[in-house]
Structure formats: C-alpha cells, structure tokens
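Asker: Quick check, what structure comes out for this input:
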Amino acid sequence: MSYDNENIFAKILRQEIPSERVYEDEATLVFMDIMPRTQGHTLAIPKTPARNMLDATSQQLGACLETVQKISLAAMSAFSADGITLQQFNEADGGQEVFHLHFHVLPRFAGVKLLPPGTMEDPEVLKANAEKLRQALAG
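Answerer: Numbers count the residues shown, from 1 in each chain. Next up, the predicted model:
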C-alpha cells in the first residue's frame, strides 16, 4: 500500500484543515484528538510521509517516540493523570482509520474507563486542554 498525500493528517500538516496544535519540532507534530476517548487525548505524528509503523523509518519512529514521551510526561502533570495509555494501529484490519503514522496519547485516571469512540468534543474544551498541555511543556 502506498502513502496517500490527501489523508486528513497530511492536510493538518499543510494547515488545510484546522487543528488544535499542542507541540511541534522539526520532525513531529502533536495535536488534540477531536473525538477524544479521555481528557487530554492527543495524536503525535511525523511531519514526513509514513503510512504506519510498517513502512516508517527508524528515524520517524524514534522522533515520534521521543515526542510521545515528552507529551506523556506533560499530560501526567497537566491533568493529574494516574497513567498513560499509548495506542498505535497498523492497516485497516489492525484498527487503523487514518493512514498516516500516528500515536494516540491518552491520559488515564484510576477507576475511569475510556469514553466511547466517535463523539466530537467542543472546540473550546480542546483549546483549554491544549493550553494545559502547552503550559506543562513550558514549565
């Protein structure tokens, strides 16, 4: 399978589709998931094309995991989380829906289950959660 330059995350990278950006460096971008499964749910992606983990380079994977760790630590602080769930899916039968490599970073709270998938979050809530993460990253 080949990479599709018209996938939604490629469009977010090109700023053709708005997103609530939390963090970026030369290799990665992190933004809020618009259908979060928990408070503070973010997506970390490489800035260069990769369909998923199966075709990504070691540099893309390494950069993403460094960013995921940074965001995870910030999320633990920003949301007083008790843990982090990291999800990454590959190909349709593996659960992947957007075919650009991405890592879900989900702050977790003792005794609280994940929200059901598919519910859009209020943009103001996403903006407030993104600001909490940006502040945690800065401080």
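Asker: Could you check the pLDDT of the residue most central in space within the chain?
Answerer: The centre of the chain sits closest to residue 43, judged by C-alpha atoms, centre = their mean, with a distance of 0.6 Å. Predicted confidence (pLDDT) for residue 43: 98.
Asker: residue contacts, it?
Answerer: Neighbouring residues of residue 43 by C-beta atoms under 8 Å, 6 or more residues apart in numbering: 9, 30-33, 102-105. C-betas here are computed from N, CA, C, even on glycine.
Asker: 7 Å instead, please
Answerer: Shown in contact with residue 43 (C-beta atoms under 7 Å, 6 or more residues apart in numbering): 30-31, 33, 102-104.
Asker: Can I get the helix or strand it falls within in PDB, CA atoms only?
Answerer: Applying DSSP states H and E as the criterion places residue 43 in strand 42-46. The C-alpha trace of strand 42-46 is given here as PDB (Å, rounded to 0.1, in the frame of the first residue of the first chain):
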ATOM      1  CA  THR A  42      -3.600  13.800  21.700                       C
ATOM      2  CA  LEU A  43      -2.200  12.500  18.500                       C
ATOM      3  CA  ALA A  44       1.600  12.500  17.700                       C
ATOM      4  CA  ILE A  45       2.600  12.200  14.100                       C
ATOM      5  CA  PRO A  46       5.800  12.500  12.000                       C
END
